[in-house]
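Chemist: build me a model:
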Amino acid sequence: MVRTVILEGFENRQLITTQSKVEPYNMYIMSRDISESWSYLTGYYEGIVRYNYQLNQVDQLLIPNGFQLSSNSFYNEYFYCSRLMWEGKTANLILNQIDCKNLILKDSITLKIEDNSSNPENSSLSETELYGLGERYLVVCVPQIESQKFTRHSNCILVDFLENKYYSIPEKIGQDDTFLNVNNIKVIDKKNKKFVYFTTGSLSYSNKKNAWNHREKENSNFTESIVIIDYNLFIEQIKNDLPISETCIVDQCDNSESFVLENNKNECVYWYKHNLRDETYILKMFNPFSENYLERIIDGKYDVIYFFNDDLYGVKESEHTQVLYDASNNKELYTVGNSCYFYYGNKEWIVFFETPTNSFNMKWIVYDLIHNKEVASIESPHPTVDYIKENNTIIFIK
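Modeler: Have a look, this model is predicted:
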């Protein structure tokens, strides 16, 4: 049976899950005290928090002056965060590197970026994306500043913390795509072999589906790609100013298709693809280490779909209910009312929350599907909820 743990002491702070582990820790990004005033220029975040799930202990590292941006992963025990310091129209993007295993603030590098389009508090540079690739490398994606351009980013940069240098990443990917539309970068490894994988696309799934339904911008290129490339080759290509080859694209969508989601589990990359023409859905998997490739058609159309513990689940929504399904066989698992929302779960248990009409608190419920009973519940206005697969434990932080 699933266990539950409640961690208290963060009532005035927001903790952001990272879906990353630095064994034996779960890692979280911590906001400033929300009861105190703060501004965009000082940054909303103050540090990182570690939870040792073996010893049930919590510790934290505060970042001097706080930060506004952070990487969305802690790959290979390193985390990156940044803050913007302005000199007129020039932004100094100060990049900090954190050793999460030893909880130490390490090196920093500053990038200078010009933004003549707005004042600092309204600058789109606040949407800069950071993707950590381990101890040495960080990818920085600078958002599109010019409104007439239609890519997500204006420039993408590889930062080498060992050389204390940075390199502009070549834009071209194969014949039809561009790195300026990258929206996720991760690393998967096995023993001494590593791969970088990422997705591209200028539109979100919902926006692309809407554009297709209304046949908007039929002459526009809304290409999406899933790219998997050897880690060392990825770095080498960038440093030699060489574009990514067509052979590294493992799947692609034209204007009539879209990737609903992608994920990696262990050494495999999974993705779920929607054909907008005939309303079919396909689940695909690729293992870059063995080069094994699988795909299967998914029966049933879901409003929300997600991976959990290597399995695929779907949610169908109606005006009054949400129904959770095992998407591998379209089997119904559980139904909640229209004031409730699924968070995650599997074939044995689920987590969902409800928002009472006259309360600022959300009620979170853990429900055992095997024994058909509520296991635990918690009420809080902004709890953090996380899951530890290693000991089958749900954490509530408040």
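
Chemist: per-domain residue ranges of the protein.
Modeler: Residue ranges of the domains in the chain are recorded as 1-168, 172-297, 315-398, according to automatic domain parsing.

Chemist: now those in CSV, with mean pLDDT?
Modeler: Formatted as CSV, the entries for the domains of the chain read as follows, by pLDDT from 0 to 100:
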stretch, mean pLDDT
domain 1-168, 88
domain 172-297, 90
domain 315-398, 86
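
Chemist: can you list those domains in a markdown table and add distance to F307 and mean neighbour count?
Modeler: Every residue, glycine included, has its C-beta placed from N, CA and C. Converted to a markdown table, the domains of the chain look like this (distance: least, CB to CB, whole Å; neighbours: other CB atoms under 10 Å):
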| stretch | distance to F307 | mean neighbour count |
| --- | --- | --- |
| domain 1-168 | 11 | 17 |
| domain 172-297 | 5 | 17 |
| domain 315-398 | 10 | 16 |
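
Chemist: with distance to N309 added, can I get those in CSV?
Modeler: Written out in CSV, the entries for these read as follows (distance: least, CB to CB, whole Å):
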stretch, distance to N309
domain 1-168, 11
domain 172-297, 8
domain 315-398, 6
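
Chemist: assign a three-state SS to L41, would you?
Modeler: coil (DSSP: H, G, I helix; E, B strand; the rest coil).

Chemist: surely it and S123 touch.
Modeler: No. The pair L41 and S123 does not pass the contact test of CB atoms under 8 Å, sitting 10.4 Å apart.

Chemist: that older thread, out of the domains of the chain, nearest to V304?
Modeler: Judged by CB to CB, the one of those that comes nearest to V304 is domain 315-398, at 4.1 Å.

Chemist: straight-line length of the closest one, end to end?
Modeler: One end of domain 315-398 sits 27 Å from the other (CA to CA, to the nearest Å).

Chemist: kindly report the same for stretch 79-94.
Modeler: Across stretch 79-94, the straight-line distance between its terminal residues is 14 Å, by CA to CA.

Chemist: do the same with stretch 166-177
Modeler: For stretch 166-177, the first and last residues are 23 Å from each other (CA to CA).

Chemist: next: stretch 198-206.
Modeler: Counting by CA to CA, you get 19 Å between the two ends of stretch 198-206.

Chemist: just to revisit the earlier point, now do the shared contacts for L41 and S123.
Modeler: Here L41 and S123 share the contacting residues L84, scored by CB atoms under 8 Å, 6 or more residues apart in numbering.

Chemist: now the spatially closest residue to F150 that is not a sequence neighbour, what are its backbone angles?
Modeler: Here the nearest residue to F150 in space, its sequence neighbours aside, is S202; by CB to CB, 6 or more residues apart in numbering that works out to 6.2 Å. With angles defined as degrees, to the nearest 10, S202 sits at phi -90, psi -20.

Chemist: buried residues in stretch 307-314, which are they?
Modeler: Using 16 or more other CB atoms under 10 Å as the burial criterion, the residues of stretch 307-314 that qualify are F307, F308, L312, Y313, G314.

Chemist: other residues contacting it?
Modeler: When contacts are defined by CB under 8 Å, 6+ apart, stretch 307-314 is touched by residues 261, 263, 265-266, 270, 272, 283, 298, 300, 302-306, 324-328, 333, 344-347, 389.

Chemist: cool, stretch 328-340 as well?
Modeler: Here stretch 328-340 makes contact (CB under 8 Å, 6+ apart) with 299-300, 311-313, 319-326, 342, 345, 347, 350, 352-357, 367, 369.

Chemist: same thing but at 6 Å, please
Modeler: Contacts of stretch 328-340 with the rest of the structure, by CB atoms under 6 Å, 6 or more residues apart in numbering, involve 299-300, 312, 320-326, 350, 352, 354.

Chemist: and which of those residues is nearest N164?
Modeler: Closest approach to N164 among the contacts of stretch 328-340 (CB to CB): L312, at 43.4 Å.

Chemist: where exactly do the strands run in the stretch 151-300 of the chain?
Modeler: Assigned by DSSP state E, counting those that start in this stretch, the stretch 151-300 of the chain shows strands spanning 153-160, 165-168, 172-173, 177-178, 182-190, 193-200, 224-230, 249-253, 257-265, 268-275, 280-287, 292-297.
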